[in-house]
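Visitor: generate coordinates for the sequence data below:
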Amino acid sequence: MKPLFLASFFCATVLFAQQLPDAPGRAEVEKICKGCHEMARSVSLRQDRDGWLRTMTKMQAFGMKSTEPEFQAALSYLAKQFPAEEVPPVNVNKASAIELESRLSLRRSQASALIAWRSKNGPFKSIEDLKKVPNIDAEKIEAKKDRIVF
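Guide: The predicted structure is shown next:
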C-alpha cells in the first residue's frame, strides 16, 4: 500500500475514535475493543442490542477481556450510539447473490439456488414462489417477507 493512503487511513481512524459520542460506556468500549483492532472497525457495524450482544460474545470467544460491568456498559453504549439502520427491502428479481445473502441472511448456496431458479423460471411473483425453490428454508423466507419486494 502507498504510504499516503496508510497515513490518511490512520488519521481518519484516529479522528473517528476521538469523535466517539461522549456517553456512558465510551471508556469501556475503548478499553475492551482497541486491544485487538482500531475503533473505526469496532463500531462500523450498525446493529440492534441482540446483534451487538452476539458480536461482543464472539469477541469474548476470541479473547476479549472485560469484567461483566464493563461488558454491559459497552453493550449499552454500542446499542444506543450505533443502532441498526433501516434495511431497505431487496428486490428478489434483481438482487445479486451477495445482496440476497447479506440482506436476507441466506447461505451462499441458497442465494445461488434463488438466482438459478429465477433464471430458469422467470421472475418471482410472490413469497410462495420463493418457497418453491429447492433447498430454501421456507421459515426463513416467511420471517424476512417484510424485507422482500418483487
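Visitor: how are the helices of this structure distributed by residue range?
Guide: 3-18, 26-33, 39-42, 49-61, 68-81, 97-104, 108-121, 127-131, 138-143 (DSSP state H).
Visitor: need those helices in a markdown table with distance to Pro89, can you?
Guide: From N, CA and C alone the C-beta is placed, and that goes for glycine too. As requested, those are exported to a markdown table (distance: least, CB to CB, whole Å):
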| stretch | distance to Pro89 |
| --- | --- |
| helix 3-18 | 30 |
| helix 26-33 | 32 |
| helix 39-42 | 28 |
| helix 49-61 | 19 |
| helix 68-81 | 24 |
| helix 97-104 | 8 |
| helix 108-121 | 15 |
| helix 127-131 | 13 |
| helix 138-143 | 13 |
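Visitor: Throw those into TSV and include mean pLDDT, thanks.
Guide: Converted to TSV, those look like this (pLDDT from 0 to 100):
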stretch	mean pLDDT
helix 3-18	39
helix 26-33	93
helix 39-42	76
helix 49-61	90
helix 68-81	96
helix 97-104	83
helix 108-121	95
helix 127-131	94
helix 138-143	89
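Visitor: in JSON lines, list those helices along with mean neighbour count.
Guide: Output for the helices of the chain, formatted as JSON lines (neighbours: other CB atoms under 10 Å):
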{"stretch": "helix 3-18", "mean neighbour count": "11"}
{"stretch": "helix 26-33", "mean neighbour count": "19"}
{"stretch": "helix 39-42", "mean neighbour count": "17"}
{"stretch": "helix 49-61", "mean neighbour count": "14"}
{"stretch": "helix 68-81", "mean neighbour count": "17"}
{"stretch": "helix 97-104", "mean neighbour count": "17"}
{"stretch": "helix 108-121", "mean neighbour count": "15"}
{"stretch": "helix 127-131", "mean neighbour count": "16"}
{"stretch": "helix 138-143", "mean neighbour count": "14"}
